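Colleague: what follows is a predicted protein model with its sequence.
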Amino acid sequence: MPKNDKPHAALLASPGMGHLIPIVELGKRMAAHHDFHVTIFFVASDHGSTTLLLKSPTLENLDIVPLPLVDISGLVDPNTQLVEKLIVMMRESLPSLRSLIAAMMYRPSALIVDLFGADAFEIAEEFKMFKYVFNTANAWCLAVIFQSSRLDNKFILEHHVNGQKPLEIPGCKSLSSEDIPESLRNIDCNDQPEFHGTKMTNSHGILINTWEDLESSTIEALRDNNYLGGLVKVPIYPIGPLVRQDGNQALDKQVKQWLDKQPIESVIYVSFGSGGTLSAKQMTELAWGLEQSQQKFIWVVRPPSNNAVGTYFTIGIDDVDGTPDYLPQGFFTRTKETGLVIPMWAPQAQILSHPSVGGFLSHCGWNSTLESIMNGVPMIAWPLYAEQKMNAAMLIEDFEIAVRPKVSTTEDIVGREEIENMVRTIMADKEGQAMRDRVMELKNSAEKALCKGGSSFNSLSQIAKDCMHHLLP
């Protein structure tokens, strides 16, 4: 096999935008700033990820390769949790990944997988590659994963969920019972490898989509050789924030023209991620709350669903002004001067970077959280699933750049008056301006971490050096 004169890394991403986006951005950064040749493998799904990734702007030394779609219908039940489905899907994709790597002219010196891809380490070992895990969430989430791997889910359910006792995380702040992710509330989740630290620690290092100054105490705890009895015995590499860049994707002409007409920092952007949805009753309350706030807004609207992850169905339309039947009648007419409704999807990174945007009502996915920080935009935290409640707690308690409803956004209905008050707090009150000042400080800190000589730049540089040394005879 011919020798390569630069380190070649293979990245493996599981389905889901929360993993795909940071994996792609990691690949771009490795190729553009650290002299890697990068091949990104991703498991194709039926959620549009294939189209999105293959259209993603690429660099000369970056390739994006889809793995064939796998049929797991005979391996899991229809009611199986999404996390377990992803793990099975990744496992069934390993033969295709092995064949593609075996056929490569230049064998990668490193394999970097996300939390669902640790089973691919057997391929890395076979081909004598360095093996890394990329935790696309934050350091606190990683610490929770390690701590929970030492406890069984029955214990967590009885003592912390039902018993309402905070889950203590050594070296970090504790996790309130209300914010424990759904996966840890399920007794049947004990065999899911992403909640077992042993899989991740069977690597040459763990990359995290955060930076030193943002979570310094948590990162320091994870690096302690005695942490959790020596469980975390591999290097920790904070390499973030890795977020979508504007690229060549332009804003829709109507959206851009509307934003260009608005005063600076006068618009709140409302979106619940690539698939998050609300119930019909909650949609109504949100619509009234936005309208009553009298603040400018852009709202990415999807049909309601009782499943927060989202399902879509045929809708009716108000004959008077085109308002969908799941929004208050006449909503479009009454808000035509103050609001803009975008159906289904919007280019979030471009909208958040527009000078007119001054607030973000978000589901608190970590990608969205980082995009908000990187654009200096404070938030209304409205978590729906996964680790989003944890992220919301960080935004409010640690960073003080967000507000949150007083009731649970997954178990109760947030009323229109509270929504109105939260929007006004972020967009019109002194408290919102103070949050805006603090988030700008975090933005500056993040930019320093990514610059040459910054902490995140240096972390990736160290990985590049290790991989380059691996190439030497």
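Modeller: Everything's here; your move. This is a predicted model, so every value here is computed, not measured.

Colleague: would you point out the helix or strand in this protein whose mean pLDDT is lowest?
Modeller: Taking mean pLDDT, DSSP states H and E as the measure, the chain has helix 49-54 as its least confident helix or strand, at a mean of 53.

Colleague: for the helix or strand following it, the distance to its chain's centre please.
Modeller: Downstream of helix 49-54, the first helix or strand assigned by DSSP states H and E is strand 62-67. On the basis of Cα atoms, centre = their mean, to the nearest Å, strand 62-67 sits 21 Å off its chain's mean C-alpha point.

Colleague: can you start the count at 51 instead of 1 from here on
Modeller: OK, 51 is where the count begins now, so the last one is strand 112-117.

Colleague: parallel or antiparallel, list what pairs with strand 112-117.
Modeller: Within its sheet, strand 112-117 is paired with strand 87-93 (parallel), according to DSSP bridges.

Colleague: name the residues that touch the partner strand?
Modeller: Residues outside strand 87-93 that contact it (Cβ atoms under 8 Å, 6 or more residues apart in numbering): 54, 56-65, 70, 73-74, 77-78, 80-81, 99-100, 103, 111-117, 119-120, 139-140, 143, 147, 150, 154, 156, 158. Any C-beta I mention is one placed from the backbone N, CA and C, and that applies to glycine too.

Colleague: repeat that for 7 Å
Modeller: By Cβ atoms under 7 Å, 6 or more residues apart in numbering, the residues outside strand 87-93 that reach it are 54, 56, 58-65, 70, 73-74, 77, 80-81, 99, 103, 111-117, 139-140, 143, 147, 150, 156, 158.

Colleague: next: stretch 494-504.
Modeller: 261, 262, 263, 264, 291, 423, 424, 505, 506, 507.

Colleague: now render those residues as CSV, adding distance to residue 455, neighbour count and secondary structure.
Modeller: Shown next, in CSV, are these (distance: Cβ to Cβ, whole Å; neighbours: other Cβ atoms under 10 Å; DSSP: H, G, I helix; E, B strand; the rest coil):
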residue, distance to residue 455, neighbour count, secondary structure
261, 29, 28, coil
262, 32, 18, coil
263, 29, 18, coil
264, 24, 23, coil
291, 26, 27, coil
423, 21, 26, helix
424, 25, 23, helix
505, 34, 20, helix
506, 33, 26, helix
507, 38, 18, helix
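
Colleague: contacting residues around residue 418?
Modeller: Residue 418 neighbours (Cβ under 7 Å, 6+ apart): 323, 398, 412.

Colleague: what sits against the last one?
Modeller: Contacts here follow Cβ under 7 Å, 6+ apart; on that basis residue 412 touches 321, 418, 422, 429, 431, 432.

Colleague: change it to 10 Å
Modeller: For residue 412, the contact set (Cβ atoms under 10 Å, 6 or more residues apart in numbering) comprises 319-323, 326, 398, 402, 418-419, 421-422, 427, 429-434, 438, 441-442, 445, 452.

Colleague: of those residues, buried ones?
Modeller: Neighbour-count burial (16 or more other Cβ atoms under 10 Å) applied to these gives 319-323, 326, 398, 402, 418-419, 421-422, 427, 429-434, 438, 441-442, 445, 452.

Colleague: helices - which of these land there?
Modeller: Counted as lying in helices by DSSP state H, out of the buried ones among the contacts of residue 412, are 398, 402, 418, 419, 421, 422, 438, 441, 442.

Colleague: look up how far residue 429 lies from the closest residue in space to the fourth one that isn't next to it in sequence.
Modeller: In space, residue 419 comes closest to residue 441 once its chain neighbours are excluded; the distance is 5.5 Å by Cβ to Cβ, 6 or more residues apart in numbering. Between residue 441 and residue 429 the distance is 10 Å, computed by Cβ to Cβ, to the nearest Å.

Colleague: could you do residue 201 as well?
Modeller: 31 Å.

Colleague: residue 502 now?
Modeller: Using Cβ to Cβ, we find residue 502 at a distance of 30 Å from residue 429.

Colleague: kindly report the same for residue 168.
Modeller: To residue 429, residue 168 is 31 Å away according to Cβ to Cβ.

Colleague: ok, now residue 303?
Modeller: Residue 303 is 27 Å from residue 429, where distance means Cβ to Cβ.

Colleague: the chain: strands as residue ranges?
Modeller: For the chain, the strands defined by DSSP state E occupy 58-63, 87-93, 112-117, 160-164, 180-185, 256-258, 286-288, 317-321, 346-351, 389-393, 407-412, 429-431, 452-453.

Colleague: from the contact counts, what lies against the first one?
Modeller: Contact here means 3 or more Cβ pairs under 10 Å, 6 or more residues apart in numbering; DSSP states H and E; on that basis strand 58-63 packs against helix 67-83, strand 87-93, strand 112-117, helix 144-152, strand 160-164, helix 171-176, strand 180-185, helix 505-521.

Colleague: tell me what angle the fifth one forms with strand 180-185.
Modeller: So the one you mean is strand 160-164. With axes from the mean of the first three to the mean of the last three Cα atoms, to 10 degrees applied, the angle from strand 160-164 to strand 180-185 works out at 20 degrees.

Colleague: any idea of the mean pLDDT for strand 160-164?
Modeller: Here strand 160-164 scores 95 as its mean pLDDT.

Colleague: sheet partners, orientation included, of that strand?
Modeller: Sheet pairing of strand 160-164 (DSSP bridges) gives strand 58-63 (parallel), strand 180-185 (parallel).
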